[in-house]
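K.L.:
build the 3D model from these lines:
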Amino acid sequence: MSNIREIAREKAAFCRESILKYQCMKKPCLIMFAVYMVGMFAILKSDFNYRDDLRRIMSGKQGWGSSYGRYLSDFLSNFIHIDSYMMDVSPLPQMIAGAMLAVSAIILWYLISDKKKFSVWDIAALLPLGLSPYFLACLSYKFDAPYMALSILGSVMPLLFAKKGHLVYGATAFMGSLVMCMTYQAASGVFPIIVILICVKRWNEKEELKQIFKFIGTSVAGYLAGLLVYKLFLMPTRKTYVSNELPSINQIIPTTISNLQKYFGHIAEDFKLEWLILIFFLCIGFVFVMVRDSKQKKPIAFLISCVALGLMLVLAFGIYPVLEDPLYHPRAMYGFGVLLASLGISVSVARKGYPAKMVCLVLSWCFFVFSFTYGNALTIQGDYIEFRSREILDDLKDLDIMMSKQQVIIQVDGSIGNAPAIRRMPDDYKILKRLIPTVYKDGNWGLNMFRYYGLNMKKADWNRPATEDFKNYNLPVLKETMFHKISGNEKYVLIEMK
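P.N.:
Residues are numbered from 1 along each chain as shown. I've put the predicted structure just below:
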């Protein structure tokens, strides 16, 4: 009986210690949540149906699991929407995403920092994790946003258990890997990046190499086990717009190098020159702080820091560069923002080093301001899309072929492009043009707008041979304006955008 009481006391003491240990994270979490929500304000205000949003509103279907193997997204959406039918409950999903990002950011701060006081430097350092230009694309989705944020949280959470024993840590790394795979696989590089960062930190503090290698081994085993289980038992075989297949053995290295060149090429084109210069100096600041504070020999510390930085840069895009045909959309590149936050927090928690901290602060301010630029641009684009759609609908509704009960097949050629105000923005805002969807191009998204207004139509098969293109039907012109030309008969309608 006394043994039971003793065990109970030990468990209670452990629980109290754990609660007190993580108590310091509560206030920083609330601060980061507030920062992220302010940064999201313009996006939420735009109320923009981003890419797949309109399709989900019209169909009410989940579809993440069957199409992309994101089964956890399907499961959790039942709770967020209180139904398996997807109704628009925005901005609740984005607010949940903001909370998850805040927790992820503070876990990262806790893993790297020995401090108990949260500073302005730390806020600036962690801001790119949730408000990098690439993750702004994720926050634009009214339905997908929380699961994209959960992929980051699932990647960083296991590292809190790194000192709880190899079995516990390995199991949590395995579960975290599965959570990431079943929510959004673009975060597949987050866990390895932070593992590398923690290893460098431990090595700098002269921790035993044996313990560091055990940590690496357990991390790799748990992470790869999760990927393997997902690959063998959970990943769907259905082919979509992006391939999940690996190239042949002799093509893996050339394919990976080629894909990485494309990813970094996108960053070079997407980011303003000022941002790239700040990122360059942030990398220099990271290496400087790591070498300066290292208890190891400085030349070796310099070499290790540079190698670690190179590995983290390569891993920023996770497993995507290894695939035959990876995804290059901004939403697939948010691992780079997590990398910037990791480098930034390493600088911000170090003693002194104020030039590097200022670099971090200025970079985060640039991203923070850009979040408002982007959100307001979405508002402009949304208004323009609605205007152009209503122009088409007004012309279609008066046509005799649309008055009949027979369903017509509609094909759209061309695109409305960006709103005139966005087109006039400087060339160095290329990321803005990649973030904002181009409606009607290749028939995507825009036709859902017609269905949204109750048009009796169905989409043409966009995989038809060129000989079956509606342009080859010599359809009579029914209506032509400065914005579009409508041609058609009792069965087919062709809308050519100008």
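K.L.:
show me what the helix or strand hosting Ile96 is packed up against.
P.N.:
Here Ile96 sits within helix 92-112, counting by DSSP states H and E. Packed against helix 92-112, as judged by 3 or more Cβ pairs under 8 Å, 6 or more residues apart in numbering; DSSP states H and E, are the following elements: helix 26-46, helix 71-80, helix 120-131, helix 133-140, helix 145-156, helix 190-204, helix 335-348. (Glycine included, C-beta is placed from N, CA and C.)
K.L.:
try it again at 10 Å.
P.N.:
helix 2-23, helix 26-46, helix 71-80, helix 120-131, helix 133-140, helix 145-156, helix 190-204, helix 335-348 (3 or more Cβ pairs under 10 Å, 6 or more residues apart in numbering; DSSP states H and E).
K.L.:
mind showing which ranges of this protein have poor pLDDT?
P.N.:
1-23, 238-243, 441-447, 456-468 (pLDDT under 70).
K.L.:
and the closest residue to Asn259 other than its chain neighbours, how far from Met32?
P.N.:
In space, and not counting its chain neighbours, Asn259 is closest to Pro321: 4.0 Å by Cβ to Cβ, 6 or more residues apart in numbering. As for Pro321, its distance to Met32 is 30 Å (criterion: Cβ to Cβ, to the nearest Å).
K.L.:
and the two? Which one has more around it.
P.N.:
Legend: neighbour count by other Cβ atoms under 10 Å for Pro321 and Met32, higher for Met32 (26 against 20).
K.L.:
that one touches Ala124, doesn't it?
P.N.:
No. Here Met32 does not reach Ala124: they are 11.1 Å apart, not a contact under Cβ atoms under 10 Å.
K.L.:
next one: the residue nearest to Asn259 from Lys201, what distance?
P.N.:
For Pro321 relative to Lys201 (Cβ to Cβ), the value is 26 Å.
K.L.:
A helix includes Ile431, no?
P.N.:
Yes. The assignment for Ile431 (DSSP: H, G, I helix; E, B strand; the rest coil) places it in a helix.
K.L.:
got the contact list for the closest residue in space to it that isn't next to it in sequence?
P.N.:
Spatial nearest neighbour of Ile431, chain neighbours left out: Asp270 (3.8 Å); criterion: Cβ to Cβ, 6+ apart. Contact analysis of Asp270 by Cβ atoms under 10 Å, 6 or more residues apart in numbering lists 133-134, 276, 330, 333, 336, 428-435.
K.L.:
let's see that with 7 Å instead.
P.N.:
Pro133, Lys430, Ile431, Arg434 (Cβ atoms under 7 Å, 6 or more residues apart in numbering).
K.L.:
neighbour-wise, which of the residues you listed leads?
P.N.:
Pro133 (27 neighbours).
K.L.:
so what's the closest residue to that one other than its chain neighbours up against?
P.N.:
Once flanking residues are discounted, Pro133 sits nearest to Ile431: 5.0 Å by Cβ to Cβ, 6+ apart. Ile431 makes contact with Pro133, Asp270, Phe271 under the criterion Cβ under 7 Å, 6+ apart.
K.L.:
which of these sits closest to Arg390?
P.N.:
Closest to Arg390 out of the contacts of Ile431 is Pro133 (30.8 Å), distances taken as Cβ to Cβ.
K.L.:
and the closest one, what does it touch?
P.N.:
Taking Cβ under 7 Å, 6+ apart, one finds Asp270, Pro330, Phe367, Phe370, Ile431 in contact with Pro133.
K.L.:
and the angle for the longest helix along the chain with helix 133-140?
P.N.:
Ranked by number of residues, the top helix in the chain under DSSP state H is helix 354-397. If you take axes from the mean of the first three to the mean of the last three Cα atoms, to 10 degrees, helix 354-397 sits at 40 degrees to helix 133-140.
K.L.:
since that was my last question, I'll sign off now.
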